[in-house]
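J.: Provided below for reference: sequence and predicted model.
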Amino acid sequence: MLGRRVVRALVPRATNVIAWRQLSSVTARAAQPSFTRFQAAAPRLAPFSRSFSTEETEDLSKRYWLRDGQKVISPWHDVPLSPAHGTYNYVNEISIGERAKMEVATDEEHNPIKQDVKKGKLRFFTYGDIPFNYGMLPQTYEDPDAAHPDTGYNGDKDPVDVVELSDNPLGLGTVNEVKVLGCLAMIDEEETDWKIIALAKSHPKFHEINNADDVETHMPGKIDTIRDWFKMYKTTDGKPENTYAFDAQVKDVAYTEGVIEETHQAWKDLCAGKIADNGLSFPKTA
């Protein structure tokens, strides 16, 4: 089991370790809220529960495994995209207020969550604490070999990113039911990198906030914060500012759902062998 000494080493700020400490004991894991079930209409299934490997690999990064009961599952492939009409499953990779750059390992079996490594070092955000929960939509894929007709740039070879707007941190690896409110089309190193803006069903204003205008009404300045973060967060590492398609405007819900459907189809094509695998780990369905 991952000890507290290692946990502190992974997270640079003592005030931001609660989610990691929760992963360090069986009791704390059992106390976490239930996760979204596979399908709302299906017979009741055991909730997803988190476990993790204590193995230290050559690239320094621990692996955090998602489980359904005792079975290790992939947060990318085994969690369904949509649990109910009008909502989506969202896998949280980074909690609000953290700096460790966690991500689903798309090139490893079962796609555990791990901390990114650059130049032999664990990666932390240097621009400051991340000001929102951040993760991805399962069963989506941004094809790096196909240019999006509206942005003119190919995808970034990852599942679609999600910015979740709750003020409270969602736990690492938790699966949360969300509604989408819009999206930004960030251009990162000449790749299309969609940022879906979403709100967890557990949020007290879930039924009042339905689009970007509602976000501005109930959370003034929040979207500007998102734009600034993604535009500037790499500049403290000596990289240029990121840019946006559509003059950095938030696309509406209908357009966003179209992006999700496109990337869901790309994921299906990846699993069916219809597009290049690019060294990724995924279930073969062809």
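T.: Arrived safely.

J.: just give the nearest non-adjacent residue to L170, would you?
T.: N92 (4.2 Å; Cβ to Cβ, 6 or more residues apart in numbering). C-beta coordinates here come from the backbone N, C-alpha and C atoms, glycine included.

J.: repeat that for F230.
T.: M186 (5.2 Å).

J.: residues contacting the one you found?
T.: Counting by Cβ atoms under 8 Å, 6 or more residues apart in numbering, M186 touches 192-195, 230, 242-244.

J.: who touches the longest helix seen in the chain?
T.: When the chain is parsed with DSSP state H, its longest helix is helix 253-271. Outside helix 253-271, the residues that touch it by Cβ under 8 Å, 6+ apart are 77, 81, 88, 137, 139-143, 146, 148, 155, 159-160, 180-183, 194, 196-197, 210-211, 251, 275, 277, 280, 282-286.

J.: output it as PDB, nothing but the C-alphas.
T.: Coordinates of each C-alpha in helix 253-271 appear next as PDB, following Å, rounded to 0.1, in the frame of the first residue of the first chain:
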ATOM      1  CA  VAL A 253     -24.200  22.500 -26.100                       C
ATOM      2  CA  ALA A 254     -25.400  21.100 -29.500                       C
ATOM      3  CA  TYR A 255     -22.000  21.700 -31.100                       C
ATOM      4  CA  THR A 256     -20.300  20.200 -28.100                       C
ATOM      5  CA  GLU A 257     -22.400  17.000 -28.200                       C
ATOM      6  CA  GLY A 258     -21.500  16.800 -31.900                       C
ATOM      7  CA  VAL A 259     -17.800  16.800 -30.900                       C
ATOM      8  CA  ILE A 260     -18.400  14.100 -28.300                       C
ATOM      9  CA  GLU A 261     -20.200  12.000 -30.900                       C
ATOM     10  CA  GLU A 262     -17.400  12.400 -33.400                       C
ATOM     11  CA  THR A 263     -14.700  11.400 -30.900                       C
ATOM     12  CA  HIS A 264     -16.800   8.500 -29.700                       C
ATOM     13  CA  GLN A 265     -17.000   7.300 -33.300                       C
ATOM     14  CA  ALA A 266     -13.200   7.700 -33.600                       C
ATOM     15  CA  TRP A 267     -12.800   5.500 -30.400                       C
ATOM     16  CA  LYS A 268     -15.000   2.900 -32.000                       C
ATOM     17  CA  ASP A 269     -12.900   3.000 -35.200                       C
ATOM     18  CA  LEU A 270      -9.800   2.700 -33.100                       C
ATOM     19  CA  CYS A 271     -11.000  -0.400 -31.400                       C
END
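
J.: on that earlier part again, separate out the buried members of the contacts of M186.
T.: Buried by 16 or more other Cβ atoms under 10 Å: 192-195, 230, 242, 244, out of these.

J.: still on that earlier bit, which of the contacts of M186 fall within strands?
T.: Using DSSP state E, the members of those that fall within strands are 192-195, 243-244.

J.: tell me which two of those sit farthest apart.
T.: Within these, W194 and T243 form the most distant pair, 13.9 Å apart (Cβ to Cβ).

J.: on that earlier part again, pLDDT score assigned to the residue nearest to L170?
T.: Here, the pLDDT recorded for N92 equals 96.

J.: pretty sure it sits against L137.
T.: No: here N92 lies out of contact with L137, judged by Cβ atoms under 8 Å, at a distance of 11.5 Å.

J.: just to revisit the earlier point, dump the contacts of M186 to a markdown table, plus pLDDT and distance to T126.
T.: Converted to a markdown table, these look like this (pLDDT from 0 to 100; distance: Cβ to Cβ, whole Å):
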| residue | pLDDT | distance to T126 |
| --- | --- | --- |
| T192 | 98 | 24 |
| D193 | 98 | 19 |
| W194 | 98 | 24 |
| K195 | 98 | 20 |
| F230 | 97 | 15 |
| N242 | 96 | 15 |
| T243 | 97 | 20 |
| Y244 | 98 | 22 |
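
J.: alright, that wraps it up for me.
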